[in-house]
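Trainee: kindly generate the corresponding structure for this input.
(2 chains)
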Amino acid sequence: MINKNEIQTVELKYHLFDNTPLYYNVVVENNNLDIHVPLDEANTDYQEIQQWISEGNTVIDNGE
Amino acid sequence: MAIDKVTSAAITDGTITSSDLASGTIANQSAFKNIIINGDMSQAQRATSTSSITSSAYHTVDRFKTNISSLGTWTQSRDTTIPTGQGFATSLKMDCTTADGSPSSGDFLNIGTRFEGQMVQYLKKGTSSAESLTLSFWVRSNKTGTYTAELYDSDNTRYNGKTYSISSADTWEKKTITYDGDTTGAFGNDANVSLSVFFWLGAGSDYTGGTFNNGTWGSGGNNTRVSSSQVNLADSTSNEWYITGVQLEAGTSATDFEFLPTDVNLNRCLRYFQILDVGSNCPLYTTGDGNHNRHIRLTWGIRKRATPSVTSSASSGTLSSLGQTHDSKSFYVNVGSGGGTTGLNANVTIDAEL
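Mentor: Predicted coordinates for the structure are as follows:
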């Protein structure tokens, strides 16, 4: 479970085949693992990221 | 009539029906009567002990989340200190390691567990037939005094707190609290959080400063949620608090704790969180897609509450996703035109917690 206070970066990633937005790749403090958060409003990590965004933070989006 | 005269031979079929029995004669015997999952604290997939806790998370015992804001530092563990002779093998322990004797207004600490709306539709909340709820649990602490146990309705921002007392230091005590049904505000019939139970261990005036709702459902503001007599468990590093045998059930009486088989209890927890041990360097497979990608699809076995967050890593290269569902996820790693080897590292974490 992600704590928004520990988020370092959030990057939007796209599907390899059809280039649709697929998930957030999240980097948090003290963790070098890949955290994939689905774009699902029922996911509480997704909800936490939305709060993080509402506080003025920006999702990295390098496009498809 | 003497009780030994009431035999099956003496009673004609159909003579005695449930309406002939006084209310409460037969306690709640339904399977899965306990709304709480893992109330015996037996499952702890993440860890059996976590130290230096200052942030909110599920740290050890499954389904029980620590909610904290600037109120001490804690070690939480699944402990073997238990009430003797009650059938429990484990408890959740909170041990204060850095004290905070003067909480600021917004500080708080509680242990909470949450339930999906679709799991609690039968409580008929928000109707004239709303069910009462009875919370029972075993608790122990060196710090005697008044504590708050609260029901919280996230869908309608309504809450109902009641107090219990720990009377004897370092002694297990069983507590039973009955909450009236709430005729206002229905739970959403979905997989999102609707009902929570919070065991408060300390709070600042933002939570204690108003008129405590004290057994009445309401939405009068956060400062009505916690009793002003609430103990501050964070006021000494000598303080510790244990809890086990947590049961929340419909009705006005507490029945015996519902022990579930270990596998059933674990499977209920897996709906929300799972650590999937795929072994070390689990192979990723070449698909010949022409993009130098190596793939694997993992299935969770137990359908998750929602599409989960997945934490994982590869032995070489960056893991990317090809999509996921409540049931499974596809990964790939691009190994480049020069080829190369890579595998999925052990212990993929799948998180669909509330």
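Trainee: how about the strands in chain A?
Mentor: For chain A, the strands defined by DSSP state E occupy A:7-14, A:21-28, A:31-38.
Trainee: so which of those strands is nearest chain B?
Mentor: Each of the strands of chain A has some distance to chain B by C-beta to the nearest C-beta; the shortest is strand A:31-38, at 4.0 Å. Heads up, the C-betas are built off the backbone N, CA and C, glycines and all.
Trainee: residues making contact with the closest one?
Mentor: With contacts defined as C-beta atoms under 8 Å, 6 or more residues apart in numbering or on different chains, strand A:31-38 is touched by A:2, A:13, A:22-28, A:43, A:45-46, A:49, B:307-314, B:318-319, B:321, B:324, B:329.
Trainee: assess the claim that residue B:72 and residue B:98 are in contact.
Mentor: Yes - at 5.7 Å, residue B:72 counts as touching residue B:98 under the criterion of C-beta atoms under 8 Å.
Trainee: more neighbours: which of these two?
Mentor: Counted by other C-beta atoms under 10 Å in any protein chain shown, residue B:72 and residue B:98 do not tie: residue B:72 has more neighbours, with 26 against 11.
Trainee: what subset of the contacts of strand A:31-38 is buried?
Mentor: A:2, A:13, A:22-28, A:43, A:45-46, A:49, B:307-314, B:319, B:321, B:324, B:329 (16 or more other C-beta atoms under 10 Å in any protein chain shown).
Trainee: chain neighbours aside, what residue packs nearest to residue B:64?
Mentor: Spatially, and ignoring its direct neighbours in sequence, residue B:64 is nearest to residue B:113 (5.2 Å; C-beta to C-beta, 6 or more residues apart in numbering or on different chains).
Trainee: for the helix or strand the one you found falls within, what is the distance to the chain centroid?
Mentor: Following DSSP states H and E, one finds residue B:113 within strand B:108-116. In terms of C-alpha atoms, centre = their mean, to the nearest Å, the centre of strand B:108-116 is found 7 Å from the chain centre.
Trainee: go on, stretch B:326-336?
Mentor: Averaging C-alpha positions (C-alpha atoms, centre = their mean) puts stretch B:326-336 31 Å from its chain's average.
Trainee: helices of chain B, residue ranges please.
Mentor: Counting by DSSP state H, chain B has helices at residues B:205-208, B:262-270.
Trainee: can you tell which of the ones you listed is closest to chain A?
Mentor: helix B:262-270 (14.2 Å).
Trainee: packing partners for the lowest-mean-pLDDT helix or strand in chain B?
Mentor: Every helix and strand in chain B was compared by mean pLDDT, DSSP states H and E; the lowest is strand B:285-286, with a mean of 82. Where contact means 3 or more C-beta pairs under 8 Å, 6 or more residues apart in numbering or on different chains; DSSP states H and E, strand B:285-286 is packed against strand B:293-299.
Trainee: got the buried residues for the strand it packs on?
Mentor: By 16+ other C-beta under 10 Å, the buried positions in strand B:293-299 come out as B:293, B:294, B:296, B:298.
Trainee: before we move on, what about stretch B:321-339?
Mentor: Neighbour counts over stretch B:321-339 (16+ other C-beta under 10 Å) mark B:321, B:322, B:323, B:324, B:326, B:329, B:331, B:332, B:333, B:334, B:335 as buried.
Trainee: need the contact list for the spatially closest residue to the third one that is not a sequence neighbour.
Mentor: Distances taken as C-beta to C-beta, 6+ apart place residue B:330 nearest to residue B:323, at 5.6 Å, with adjacent residues excluded. Applying C-beta under 8 Å, 6+ apart to residue B:330 gives the contacts B:295, B:296, B:297, B:321, B:322, B:323, B:324.
Trainee: out of these, who's nearest chain A?
Mentor: Closest approach to chain A among the contacts of residue B:330 (C-beta to the nearest C-beta): residue B:321, at 5.0 Å.
Trainee: count of neighbours near residue B:241?
Mentor: Applying other C-beta under 10 Å, we find 24 residues neighbouring residue B:241.
Trainee: how much space is there between it and residue B:36?
Mentor: When C-beta to C-beta, to the nearest Å is the yardstick, residue B:241 and residue B:36 sit 17 Å from each other.
Trainee: how about residue B:58, phi and psi?
Mentor: Backbone torsions for residue B:58, taken as degrees, to the nearest 10, come to phi -90, psi 110.
Trainee: let me know the pLDDT of it.
Mentor: pLDDT, residue B:58: 97.
Trainee: correct me, but it touches residue B:353?
Mentor: Yes - the criterion here is C-beta under 8 Å, and residue B:58 meets it with residue B:353 at 6.0 Å.
Trainee: what touches both of those two?
Mentor: Common neighbours of residue B:58 and residue B:353 (criterion: C-beta under 8 Å, 6+ apart): A:1, B:65, B:273.
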